[in-house]
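# show me the folded form of this:
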Amino acid sequence: QVQLVESGGGLVQAGGSLRLSCAASGGTFSTYAMAWFRQAPGKEREFVAAISRNGGSGLYEDSVKGRFTISRDNAKNTGYLQMNSLKPEDTAVYYCGATPGAYWALESYDYWGQGTRVTVFS
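Numbers count the residues shown, from 1 in each chain. Next up is the predicted model:
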């Protein structure tokens with residue numbers, strides 16, 4: 001089974017950027033699709049972005065399109081989420097997820113990291 005550890009969260013001013021990382025171990029990373037989800041205070045976890053096993057295909061939630069970019073480096077067993085033009089409404093705990101299924105099958109993600117907190121202030 002794959003284990004996931006997120007890092008890179010922090011406090012950033014609106015308009016700024018952060019890059020989140022998701023380090024995988026215990027499994028063959030390239031056999032898993034990967035995604036980022038987030039959970040804001042008092043809200044349910046929501047989808048942010050997903051990427052296929054080879055990194056050739058991606059999917060984004062509408063509110064982050066054009067601002068966030070998901071990527072992965074299978075040689076380093078690491079996935080990334082580059083977040084630009086951050087807004088206060090992006091404030092949340094961001095979770096990395098993995099699935100042996102299709103990257104767009106959001107309900108199939110069942111391996112999770114512990115999360116990394118992102119706070120955007122205006």
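# can you report phi and psi for Arg53?
Main-chain torsions, Arg53, degrees, to the nearest 10: phi -60, psi -40.
# actually Tyr94, not the one I wrote
Tyr94 adopts backbone torsions of phi -100, psi 130, taken as degrees, to the nearest 10.
# count of neighbours near the residue nearest to it when sequence neighbours are not counted?
Distances taken as C-beta to C-beta, 6 or more residues apart in numbering put Arg38 closest to Tyr94, at 4.8 Å, once the chain neighbours are dropped. C-beta: built from backbone N, CA, C; applies to glycine. Neighbouring residues of Arg38 were enumerated by other C-beta atoms under 10 Å; the total is 23.
# identify the residues contacting Arg38.
45-46, 48, 90, 92-95, 118 (C-beta atoms under 8 Å, 6 or more residues apart in numbering).
# mark which of those residues are buried, thanks.
48, 90, 92-95, 118 (16 or more other C-beta atoms under 10 Å).
# which two of those have the greatest separation?
Farthest pair in these (C-beta to C-beta) is Asp90 and Tyr95. Separation: 14.0 Å.
# what about the strands in the protein?
Listed in chain order, the strands of the chain (DSSP state E) span 3-7, 10-13, 18-25, 33-39, 46-51, 58-60, 68-73, 78-83, 92-99, 111-112, 116-121.
# mind putting the ones you listed in a markdown table, distance to Ala105 and mean pLDDT included?
Output for the strands of the chain, formatted as a markdown table (distance: least, C-beta to C-beta, whole Å; pLDDT from 0 to 100):
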| stretch | distance to Ala105 | mean pLDDT |
| --- | --- | --- |
| strand 3-7 | 18 | 98 |
| strand 10-13 | 31 | 98 |
| strand 18-25 | 18 | 98 |
| strand 33-39 | 8 | 98 |
| strand 46-51 | 9 | 98 |
| strand 58-60 | 10 | 97 |
| strand 68-73 | 16 | 98 |
| strand 78-83 | 17 | 98 |
| strand 92-99 | 7 | 98 |
| strand 111-112 | 13 | 98 |
| strand 116-121 | 24 | 98 |
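# burial of Val2, as a residue count?
Neighbours around Val2, by other C-beta under 10 Å: 17.
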